[in-house]
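[1] mind folding the following:
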Amino acid sequence: MTTVSPSLKVEHKTPFWKKLGRVPWTWRITIGYLTVMLFIPIIAMFLKASTEPPARFWAIATSDVALATYNVTFVTAIFAALLNGVFGTLIAWVLVRYDFPLKRLIDATVDLPFALPTSVAGLTLATVYSNNGWIGSLLTPLGIKVSFTRTGVAVAMIFISLPFVVRTVQPVLQEMEHEIEEAAWCLGASQWQTFWKVILPPLFPTILTGVALGFSRAVGEYGSTVIISSNTPYQDLIAPVLIFQRLEQYDYSGATVIGIVLLSISLVLLLAINFLQAWARRYDSR
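    Numbering: from 1, shown residues only. Okay, here's the model as predicted:
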């Protein structure tokens with residue numbers, strides 16, 4: 001016959017509110033802050049969307065214009081994030097491994113999209129890439145139009161999401177030991193083999209983190225894309241602008257439905273990226 005120790009009996013009879021009192025204050029503040037700033041707004045959004053009947057919800061979420069905006073938003077954001085994953089890593093590499101004139105100025109300029117108001121960024125990009133702009137005038141003879149097209153949306157997303165990749169990869173590159181690369185060179189590895197087999201594997205999860213952050217920023221971008229695009233349905237209209245248009249029509253539940261779909265797709269894609277990060281870490285630990 002088993003017996004229960006007195007200490008276990010006391011623990012079993014301890015009221016819940018006393019157990020809650022043992023939780024550190026840091027945990028309480030964290031949970032309270034997340035509840036107010038994150039959980040409650042998300043729950044409220046789901047509750048607002050649930051006021052629509054299921055048939056009406058499905059009709060709004062899968063309407064032709066909504067599906068077109070999902071395509072423009074997510075495909076363009078993924079493209080911008082992947083492109084920044086390549087060139088952002090290259091920029092971080094140059095800033096860490098090389099010394100050159102005006103290095104500090106260029107390093108500080110990388111953070112400009114963080115501080116620049118998105119509406120100002122959109123106005124600047126639309127001017128520069130217009131048919132008469134500095135860059136747009138060079139592309140127009142080639143038949144390439146940027147401003148007020150889907151290409152302009154991609155340029156805006158690339159601009160505002162680039163710092164996330166650079167600032168995520170840069171500290172990891174600074175911590176990497178240069179002696180490992182020298183050892184690979186001494187063993188006969190070329191510079192490309194050294195990068196591909198020595199540098200990239202431990203750096204890959206960090207690059208994915210930067211890509212995920214850049215993708216999240218690009219999906220939620222509104223201020224710059226609404227200016228550089230023509231906001232034409234089925235062409236360059238993005239989901240955040242469609243939500244705003246529905247709000248202007250006082251269709252609050254319809255706007256919430258689009259927001260729920262946007263949130264759900266973003267969450268699935270971010271979970272997929274986190275899975276790739278975990279897989280890359282396990283592969284690297286082997």
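[2] next, count neighbours for residue 202.
    Residue neighbour count, defined by other CB atoms under 10 Å, stands at 16 for residue 202. Every residue, glycine included, has its C-beta placed from N, CA and C.
[3] all helices for the stretch 1-150 of the chain, in order.
    Secondary structure of the stretch 1-150 of the chain (DSSP state H, counting those that start in this stretch): helices at 6-13, 16-21, 25-34, 40-49, 54-61, 64-70, 76-97, 103-109, 112-115, 118-128, 136-139, 150-175.
[4] the last one versus helix 118-128: what angle between them?
    In this structure, helix 150-175 runs at an angle of 120 degrees to helix 118-128, with axes from the mean of the first three to the mean of the last three CA atoms, to 10 degrees as the basis.
[5] which positions within helix 150-175 qualify as buried?
    The neighbour-count check on helix 150-175 (16 or more other CB atoms under 10 Å) flags 150-170, 172-173 as buried.
[6] and whatever helix or strand comes next after that helix, what's its mean pLDDT?
    Counting by DSSP states H and E, the next helix or strand C-terminal to helix 150-175 is helix 178-186. Confidence for helix 178-186, expressed as mean pLDDT, is 73.
[7] repeat for stretch 88-108
    Throughout stretch 88-108, pLDDT has a mean value of 90.
[8] what does it rub up against?
    110, 162, 164-166, 169-170, 173-174, 203, 207, 210, 214 (CB atoms under 8 Å, 6 or more residues apart in numbering).
[9] check stretch 234-252 too.
    Under the contact criterion CB under 8 Å, 6+ apart, stretch 234-252 has outside partners 48, 64-66, 68-70, 72-73, 76, 148-150, 152-153, 219-222, 225-226, 229-231, 254-255, 258-259, 261-262.
[10] quick one: low-confidence parts of the stretch 1-150 of the chain?
    Across the stretch 1-150 of the chain, the ranges flagged by pLDDT under 70 are 1-21.
[11] how close does residue 36 sit to residue 43?
    Distance, residue 36 to residue 43, using CB to CB, to the nearest Å: 12 Å.
[12] report the residue spans of the stretch 151-286 of the chain with pLDDT below the cut-off.
    280-281, 283-286.
[13] where exactly do the helices run in it?
    Using DSSP H, counting those that start in this stretch, helices in the stretch 151-286 of the chain cover 178-186, 191-194, 200-219, 225-228, 239-248, 252-285.
[14] just put those in JSON lines and tack on distance to residue 55.
    Putting the helices of the stretch 151-286 of the chain into JSON lines (distance: least, CB to CB, whole Å) gives the following:
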{"stretch": "helix 178-186", "distance to residue 55": "60"}
{"stretch": "helix 191-194", "distance to residue 55": "56"}
{"stretch": "helix 200-219", "distance to residue 55": "27"}
{"stretch": "helix 225-228", "distance to residue 55": "31"}
{"stretch": "helix 239-248", "distance to residue 55": "18"}
{"stretch": "helix 252-285", "distance to residue 55": "12"}
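[15] out of those, flag the one nearest residue 80.
    Closest approach to residue 80 among the helices of the stretch 151-286 of the chain (CB to CB): helix 200-219, 5.0 Å.
[16] any residues touching that closest one, and which ones?
    Contacts for helix 200-219 (CB under 8 Å, 6+ apart): 73-74, 76-78, 80-82, 84-85, 88-89, 157-158, 160-162, 164-169, 172-173, 176, 239, 262, 266, 269-270, 273-274, 276-277, 280-281, 283-284.
[17] make it 6 Å
    With CB atoms under 6 Å, 6 or more residues apart in numbering as the test, helix 200-219 has contacts from 77, 80-81, 84-85, 89, 157, 161, 164-165, 168-169, 172, 266, 270, 273, 276-277, 280-281, 284.
[18] equivalent analysis for stretch 135-149, please.
    126, 128-131, 152, 228, 230, 236.
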